[in-house]
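Asker: Here is a sequence with its predicted model. Questions after.
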Amino acid sequence: MEEKTGYALVAQERARTLVVRLALAAFLGVTAAVVSPSWWPAYWFIAVCCGQGLDHLVLRPFRRDPTDRRSSAYRAMCCLVVFLNTALYASTSFYLWRTGGDIGKAFAMIQACGGLLHVSLHMRRERSLLIAAGLAHILYLLGLPALELVSTRPLAILMATLGGLYFISQLFIAVRQANAEALALEAARAAAERASLAKSEFLTTISHEIRTPMNAVVSAGFLLKRTSLTQEQMNHLSMLTHASDVLLGLLNDVLDLSRIEGGKLAITNADLDLHDLLNALVALWRPQIVEKGCLLNLDLDPKVPQAIRADPLRLRQILFNLLSNAVKFTDRGHVTLRVRLGEGERLCFEVEDTGCGIPEAALPRLFNSFEQVDSSTTRHYGGSGLGLAISRNLAHLMDGTLTVSSQLGLGSVFRLDLPLLPILGPQFSHDRRRLAREPLSPEPLPTRLDPMTVLVAEDHEVNRKIIGLFLDPIGCEVAFAVNGQEAVDLAMARPFDVIFLDMQMPIMDGLEAARIIRSGGINAKSPIIAITANVLMSHRLAWSEVGADAFLAKPIDPNLLVATLKQVINSQEDEEPSQIPIP
C-alpha cells in the first residue's frame, strides 16, 4: 500500500484544527480591540475566515486522496497560500506592535512565538509547508524589533532580536528531534503491523496444513476403534484420541487469538435456532459431568425467543468455553446454563457452577491471554489459558460483555450479555432440511445405508483414503477426483447421489467447481457437502452462496459425516423451493 504524502498528513491535521484556529483568531481579534480599539480587528477577522476557507479548499485534493502527489506547480501554489494565510493570521502582531504601546509589543512577541511553535508542531510532516508557514512568524518575530533599531533604545531591541533568534534555534532543534522520534515510532509501528500480519498469515496457513495430518490421526484412531483390540490397545488408543482432541483445541485457540489481535476476526450474524443450540451444548457436556456424580441443568426462560440473530459459530464457541471450564472445575454439586431476557433488549446467559471458585485477587487477570489462576491449575486441569481471553474478545466483537463473580470454595458465575437482534427471515420450522445444514447430535455410525453413488473431490491422498474407509463399509460407491476440474468433468459425465468438495484444490477450487456444477447438468440438483479445513464463518457463507447443502470441518468426525450424508439425502426427498443458507 502506498504511504500518505506529507501534504496529505498536513492537510488532514489542518482540517482537524480549523475550528481551533478560528476560535484563536476570534480571541486575538478581541484582544487587539481591547489593547488598541479600532475597526481593524473586525476587518482582520473576516479576512482570516476567508483565508482559512481558501486554505481548506486548496488542500482538499490531498485529503481526498492521501497518496496524491500533484504537480510541482500545484504544491508551490499550496505553499504560497499557506504563507499568505499565516502572514495574515499573524498580522495582529504588527498591529499591536505599532499601536498598542509596551503592552502591545509584549503581546506581539508572545503571539509570534506561539504561532511559530504551533506551525512547527502540526506542519513538521512536510518541510516545504513548514518553511512557508514558519517564515511569516519568523519575519514578525525578528522584523518587528529590527524596525526599532533606529529608535532611542537600540540595545534593548537588539537583545529582543537575539532572544528571538535563540528561540528559533531551540525550536528548530526540538522540532528536528520530535520529527526524528515520530519517524522512528512510525517505522516501528509499521514493522509491528507487518510482523502481526505475517504472524496471522503464517498461523492461518499452518492451521490449514496441521488440520490435514490431524484429520489422518483422528480418523485413523476412529477406524482402529472399529477393529478387535485388546484392553491394553484400547487404553493406548484412548490416550491418542484425547491427545489429538487437546491439540486440535489448542490449535483453534491460538488461531482465534491471532485473528483477534490482528483485527481480522469478523462477526457474521445469521438467523439461528437458539433452543437447538443450547440443547445440543447441554447434551454434549452432560455425560462428562454425570461421570463425576454431578448435574448439568438448562434453565431456559420461556420468554426467550427460539429464533434469534447472532453469529452461531462464535456464540457456540463462547458458551462451549464457559461450560468446559465449569465442568472441568466442578467435582460436586451442579452446573447450570441459565438464559434470561435482560433490560433494554438484551439476552443474558449465565453459566453457574459449584466448583472450587476463584480467589478475588485472581479475578482482574482472569481474562488475560495465557493466564491461569495459578501454576497448579495447568498441572492439575490442563489448558492453555486462552479460552476466557478469546471468549471476552468475541463478546466485545458481538457488542456484548462477559463478566464473572466468584467465591472461593463456593463456585463461580460467568455472565454473557448480548444484544437481542430480531431475525430477518421467517420463524424456523423443525424439519429435516434445516437440520441437515449443521447436525449437532450425530447418531452412531449405521451398519449400512441404502446404496448410493458419491463423488469426493479431495487433493490430499490420505484424506481420500480416510473418506473412502468411512463410506465404503456403509454401502457407498465412491468416485474420487483430485482437483475441482476433475470433479466437474465427472459430475458432467454421470449422476451422483451426493458430492463432497474440498475448498482448496489445484487447477480449480471447490467453490468454483460447485458454482459450475450448480449452473446446469445432470448433477445440478445433487446435494453438495463442503468438507474443508477452512472453518471461518466467511468460508461457510461462501459455500452457501454457491449452493452447498452442508459444511463439514476437518478433522472429519465420521459420525457427523454419515449423519450429514443421511440428512442431505432426506432433505432432497422433502426439498422445499427456497434455499436455506448454511448457519
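Answerer: It's in. Residues are numbered from 1 along each chain as shown.

Asker: residues contacting Leu24?
Answerer: By CB atoms under 8 Å, 6 or more residues apart in numbering, Leu24 lies in contact with nothing. C-beta coordinates here come from the backbone N, C-alpha and C atoms, glycine included.

Asker: got the phi/psi numbers for it?
Answerer: phi -70, psi -40 (degrees, to the nearest 10).

Asker: now it: how far from Leu18?
Answerer: Leu24 sits 11 Å away from Leu18 when distances are taken as CB to CB, to the nearest Å.

Asker: before we move on, what about Asp459?
Answerer: From Asp459 to Leu18 the distance is 58 Å (CB to CB).

Asker: Those two: which has the busier surroundings?
Answerer: Asp459 (19 against 14; other CB atoms under 10 Å).

Asker: pretty sure Leu18 contacts His56?
Answerer: Yes - look at Leu18 against His56 with CB atoms under 8 Å: they come within range, at 6.3 Å.

Asker: and this structure, what are its domains?
Answerer: Using automatic domain parsing, the domain ranges for the chain come out as 6-147, 204-261, 270-419, 434-573.

Asker: Between the ones you listed, which one is closest to Ala192.
Answerer: Comparing the domains of the chain by their distance to Ala192 (CB to CB), the top pick is domain 204-261, with 11.0 Å.

Asker: Secondary structure element holding the residue nearest to Leu300 when sequence neighbours are not counted?
Answerer: Nearest residue to Leu300, sequence neighbours excluded (CB to CB, 6 or more residues apart in numbering): Val339, at 5.1 Å. Assigned by DSSP states H and E, Val339 belongs to strand 334-342.

Asker: show me the contacts for Glu352.
Answerer: Here Glu352 is in contact with 326, 335-336, 338, 411-413 (CB under 8 Å, 6+ apart).

Asker: quick revisit: in TSV, list the domains of the chain along with distance to Leu197 and mean pLDDT.
Answerer: As requested, the domains of the chain are exported to TSV (distance: least, CB to CB, whole Å; pLDDT from 0 to 100):
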stretch	distance to Leu197	mean pLDDT
domain 6-147	20	85
domain 204-261	10	75
domain 270-419	18	84
domain 434-573	17	81
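
Asker: Using JSON lines, please lay out these together with distance to Ile173.
Answerer: As requested, the domains of the chain are exported to JSON lines (distance: least, CB to CB, whole Å):
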{"stretch": "domain 6-147", "distance to Ile173": "11"}
{"stretch": "domain 204-261", "distance to Ile173": "38"}
{"stretch": "domain 270-419", "distance to Ile173": "42"}
{"stretch": "domain 434-573", "distance to Ile173": "51"}
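
Asker: Nearest approach to Ala178 belongs to which of those domains?
Answerer: Comparison of the domains of the chain against Ala178 by CB to CB identifies domain 6-147 as nearest, at 6.9 Å.

Asker: tell me the phi and psi of the closest residue to Asn368 other than its chain neighbours?
Answerer: Nearest non-adjacent residue to Asn368, counting by CB to CB, 6+ apart: Ala389, 6.1 Å away. Here is the backbone geometry of Ala389 (degrees, to the nearest 10): phi -60, psi -50.

Asker: Check the contact between Ala389 and Ala395; I expect there is one.
Answerer: No - using CB under 8 Å, Ala389 is not in contact with Ala395; the gap is 11.0 Å.

Asker: so what's the residue nearest to Leu300 up against?
Answerer: Contacts of Val339 by CB under 8 Å, 6+ apart are 274, 278, 299-301, 304, 347-350.

Asker: rerun at 7 Å
Answerer: Val339 is in contact with 278, 300-301, 304, 349, counting by CB atoms under 7 Å, 6 or more residues apart in numbering.

Asker: Which of those fall in strands?
Answerer: 300, 349 (DSSP state E).

Asker: Quick one: which of the contacts of Val339 is the most crowded by neighbours?
Answerer: Phe349 (24 neighbours).

Asker: The nearest residue to it once chain neighbours are set aside: what secondary structure?
Answerer: Spatial nearest neighbour of Phe349, chain neighbours left out: Leu416 (4.1 Å); criterion: CB to CB, 6+ apart. What DSSP: H, G, I helix; E, B strand; the rest coil gives for Leu416 is strand.

Asker: From the contacts of Val339, pick the one nearest Cys50.
Answerer: Cys50 has its nearest neighbour among those in Phe349, at 59.3 Å by CB to CB.

Asker: That closest one pairs with what?
Answerer: Val339, Leu416 (DSSP bridges).

Asker: And it, how far from Gly342?
Answerer: Phe349 is 10 Å from Gly342, by CB to CB.

Asker: cool, and Ala481?
Answerer: 51 Å.

Asker: So for these two, which sits in the more crowded spot?
Answerer: The residue with more neighbours, out of Ala481 and Gly342, is Ala481; 24 against 14, by other CB under 10 Å.

Asker: Touching, the more buried one and Ala457? I think so.
Answerer: Yes - with contact defined as CB atoms under 7 Å, Ala481 counts as touching Ala457 (4.2 Å).

Asker: Mutual contacts of the two, please.
Answerer: Joint contacts of Ala481 and Ala457 (CB under 7 Å, 6+ apart) are Ala487.

Asker: Please report phi then psi for the residue lying closest to Val462 once chain neighbours are set aside.
Answerer: In space, and not counting its chain neighbours, Val462 is closest to Ala216: 4.7 Å by CB to CB, 6+ apart. Here the main-chain torsion angles of Ala216 (degrees, to the nearest 10) amount to phi -70, psi -40.

Asker: gap between Ala216 and Leu469?
Answerer: 11 Å.

Asker: what's the answer for Phe222, then?
Answerer: Taken as CB to CB, the span from Phe222 to Leu469 is 9 Å.

Asker: So for those two, which residue has more residues nearby?
Answerer: Using other CB under 10 Å, the more surrounded residue of Phe222 and Leu469 is Phe222, with 20 against 16.

Asker: which stretch of helix or strand covers that one?
Answerer: helix 154-225.

Asker: could you point out which element follows that helix?
Answerer: helix 231-261.

Asker: Give the buried residues for that following helix.
Answerer: 237, 241, 244, 248-249, 251-260 (16 or more other CB atoms under 10 Å).

Asker: ditto for stretch 59-66
Answerer: Buried, per 16+ other CB under 10 Å, within stretch 59-66: 59, 62-63.

Asker: Asp68 reaches Pro61, doesn't it?
Answerer: Yes - with contacts counted by CB under 7 Å, Asp68 reaches Pro61, the gap being 5.7 Å.

Asker: all strands of the chain, in order?
Answerer: 270-273, 295-300, 307-310, 334-342, 346-353, 401-407, 411-419, 452-457, 476-481, 498-501, 528-532, 550-553.

Asker: Would you tell me which of these gets closest to Val562?
Answerer: Val562 lies closest to strand 476-481 among the strands of the chain, at 9.4 Å (CB to CB).

Asker: Report the strands that pair with that closest one, each with its relative direction.
Answerer: With DSSP bridges as the test, strand 476-481 pairs up with strand 452-457 (parallel).

Asker: what's the partner strand in contact with?
Answerer: 464, 467, 471, 476-481, 484, 486-487, 490-491, 496-502, 505, 510, 513.

Asker: any idea how far Leu197 is from Ala191?
Answerer: Applying CB to CB to Ala191 and Leu197 gives a distance of 11 Å.
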